[in-house]
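>>> 3D model of this:
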Amino acid sequence: MLPHFETDRLWLRPRSMDDLGACLAMDRDPEVTRFIPGPWHDPQAHEAFLRERIETSFGEGLGYWSIFPKAQPERFAGWILLIPYDGIGPEVEIGWRLNRAAWGNGFAPEAARPVAAHAVHTLGLERIVADIDPDNHASLRVAEKVGMTFEGDGLHGGRPCKRYVLTIVASQGVA
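Numbers count the residues shown, from 1 in each chain. Next up is the predicted model:
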């Protein structure tokens with residue numbers, strides 16, 4: 001069971017099948033998925049992919065959280081994930097995706113901070129990663145605002161990426 005989180009402006013709750021339609025709609029916006037490979041243009045494969053991601057148990061304390069602004073609690077703003085890297089691990093990745101209407105409000109770092117804190121303080125993870133398309137400047141800024149640091153260039157799914165990490169140094173907190 002995933003915890004719920006509350007920030008100054010947001011509610012985060014475990015993603016459920018109730019969010020399927022909103023997730024499908026968000027992913028159909030080519031600007032939202034511009035930097036993320038996936039089955040976005042194949043309606044059947046896209047829905048199957050989302051259903052599998054929503055229904056999968058990624059392990060204790062890991063999964064997806066849906067984001068809702070307190071000012072409009074019925075409005076799905078996007079999601080945050082904390083799952084095994086590419087769904088299989090062994091590393092744990094953090095990621096975010098927001099509707100275009102939610103961009104520019106600072107929601108992504110605000111939602112990612114309690115999830116990152118959960119990774120460290122509840123799950124005891126010493127490292128979480130985010131591989132980000134080098135042209136996705138907004139996500140690169142989110143990673144930095146969450147306290148992640150650039151580790152190096154690499155490939156994710158055969159595409160160039162910048163790897164950001166949040167590491168925990170024993171007895172020193174976040175490094």
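>>> now stretch 36-48: buried residues?
Residues Ile36, Trp40, His46, Glu47 are the ones in stretch 36-48 that count as buried (16 or more other C-beta atoms under 10 Å). The C-beta positions use only the backbone N, C-alpha and C, and glycine is treated the same way.
>>> and it, end to end?
Stretch 36-48 has an end-to-end distance of 17 Å (C-alpha to C-alpha, to the nearest Å).
>>> surely Asn99 meets Glu31?
No. With contact defined as C-beta atoms under 8 Å, Asn99 does not count as touching Glu31 (10.1 Å).
>>> of these two, who's got more company?
Asn99 (20 against 8; other C-beta atoms under 10 Å).
>>> got the phi and psi for that one?
The phi/psi pair for Asn99 (degrees, to the nearest 10) reads phi -60, psi 150.
>>> which non-adjacent residue is nearest it?
Among residues not flanking Asn99 along the chain, Met26 sits closest, at 5.0 Å (C-beta to C-beta, 6 or more residues apart in numbering).
>>> got the contact list for the one you found?
Going by C-beta atoms under 8 Å, 6 or more residues apart in numbering, Met26 touches Val32, Phe76, Gly78, Arg97, Leu98, Asn99.
>>> now the top helix by length along the chain, how far from the centre of its chain.
Using DSSP state H, we find that the single longest helix of the chain is helix 43-55. With C-alpha atoms, centre = their mean, to the nearest Å as the basis, helix 43-55 stands 17 Å off its chain's centre.
>>> contact partners of that helix?
Against helix 43-55 from outside (C-beta under 8 Å, 6+ apart): 15-17, 19-20, 23-24, 27, 38-40, 64, 87.
>>> neighbour-wise, which one of those leads?
Of all the contacts of helix 43-55, Cys23 has the most neighbours under the rule other C-beta under 10 Å, reaching 25 neighbours.
>>> now do the helix or strand where it lies against helix 43-55, angle only.
Following DSSP states H and E, one finds Cys23 within helix 20-27. Orientation check (axes from the mean of the first three to the mean of the last three C-alpha atoms, to 10 degrees): helix 20-27 against helix 43-55 gives 120 degrees.
>>> and helix 20-27, C-alpha only, in PDB?
The C-alpha trace of helix 20-27 is given here as PDB (Å, rounded to 0.1, in the frame of the first residue of the first chain):
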ATOM      1  CA  LEU A  20      -6.700   5.700 -16.600                       C
ATOM      2  CA  GLY A  21      -8.700   8.100 -18.700                       C
ATOM      3  CA  ALA A  22      -6.800  11.100 -17.500                       C
ATOM      4  CA  CYS A  23      -3.500   9.400 -18.000                       C
ATOM      5  CA  LEU A  24      -4.500   8.400 -21.600                       C
ATOM      6  CA  ALA A  25      -5.600  11.900 -22.400                       C
ATOM      7  CA  MET A  26      -2.300  13.400 -21.000                       C
ATOM      8  CA  ASP A  27      -0.200  11.000 -23.000                       C
END
